[in-house]
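J.: Prediction below, plus the sequence it came from.
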Amino acid sequence: MATIFTKIMNKEIPAAIVYEDEHCFAFRDINPQAPVHILLIPRKEIPTMNDVTPEDAKILGHLMVKAPEIAKKEGIADKGYRLVFNTNAHAGQTVSHIHLHIIGGRSMSWPPG
Ligand code: AMP
């Protein structure tokens with residue numbers, strides 16, 4: 001089912017777009033948790049990581065290639081950053097369209113809360 005992220009991709013609601021191509025779309029998180037907080041999403045509407053199938057391997061691989069490219073462009077790659085797919089309630093997923101959080105620009109603790 002379409003979410004707010006589809007509306008952002010379709011430019012029906014505004015967002016600070018960072019990158020887009022035929023397979024993926026990246027924009028700044030509206031509630032950033034660090035100096036750089038970008039959401040990288042596939043154009044394909046996949047609700048959660050649990051719904052990924054082998055046919056999605058190319059799309060997921062594409063996200064993993066693009067994420068470090070974006071991190072480098074944002075100037076956070078050398079010092080480090082975090083890539084996160086929150087999945088379902090225990091992880092705090094709030095939007096049912098998989099999204100890779102690219103978070104950086106400050107030191108982070110581990111384990112996450
Ligand atoms: P998650 O909690 O992992 O599902 O992440 C959803 C993220 O989407 C949160 O970090 C929100 O701040 C972010 N978000 C929700 N609505 C928007 C929006 N309209 N534009 C940008 N980011 C959004």
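T.: Right, received. Where do you want to start?
J.: near the ligand, which residues of the protein?
T.: Residues of the chain found near the ligand (CB under 6 Å from any ligand atom) are 4, 15, 27, 29-31, 39, 86, 92-95, 99. In this view, the C-beta of every residue, glycine as well, is placed from N, C-alpha and C.
J.: Identify those among the residues you listed that sit within helices.
T.: Using DSSP state H, I4 are the members of the residues of the chain next to the ligand that sit in helices.
J.: filter the residues of the chain next to the ligand to the buried ones?
T.: Using 16 or more other CB atoms under 10 Å as the burial test, the residues of the chain next to the ligand include A15, F27, D29, L39, N86, Q93, H99 as buried.
J.: contacting residues around the fifth one?
T.: For N86, the contacting residues are G92, Q93, T94, H101, taking CB atoms under 8 Å, 6 or more residues apart in numbering as the criterion.
J.: Just give me the neighbour total for the residue nearest to G105 when sequence neighbours are not counted.
T.: Nearest residue to G105, sequence neighbours excluded (CB to CB, 6 or more residues apart in numbering): P35, at 3.0 Å. Neighbourhood size, P35 [other CB atoms under 10 Å]: 12.
J.: And the next helix or strand past the longest strand along the chain?
T.: For the chain, the strand that runs over the most residues, judged by DSSP state E, is strand 36-42. Where DSSP states H and E defines the elements, the next helix or strand beyond strand 36-42 is helix 57-74.
J.: and that following helix, what other elements does it pack with?
T.: With contacts taken as 3 or more CB pairs under 8 Å, 6 or more residues apart in numbering; DSSP states H and E, helix 57-74 sits against strand 17-20, strand 24-28, strand 36-42, strand 100-104.
J.: before we move on, back to that, as TSV, the residues of the chain next to the ligand with pLDDT and distance to H62 would be great.
T.: Putting the residues of the chain next to the ligand into TSV (pLDDT from 0 to 100; distance: CB to CB, whole Å) gives the following:
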residue	pLDDT	distance to H62
I4	98	22
A15	98	20
F27	98	17
D29	98	20
I30	98	24
N31	98	26
L39	99	15
N86	98	20
G92	97	25
Q93	98	21
T94	98	24
V95	98	20
H99	98	14
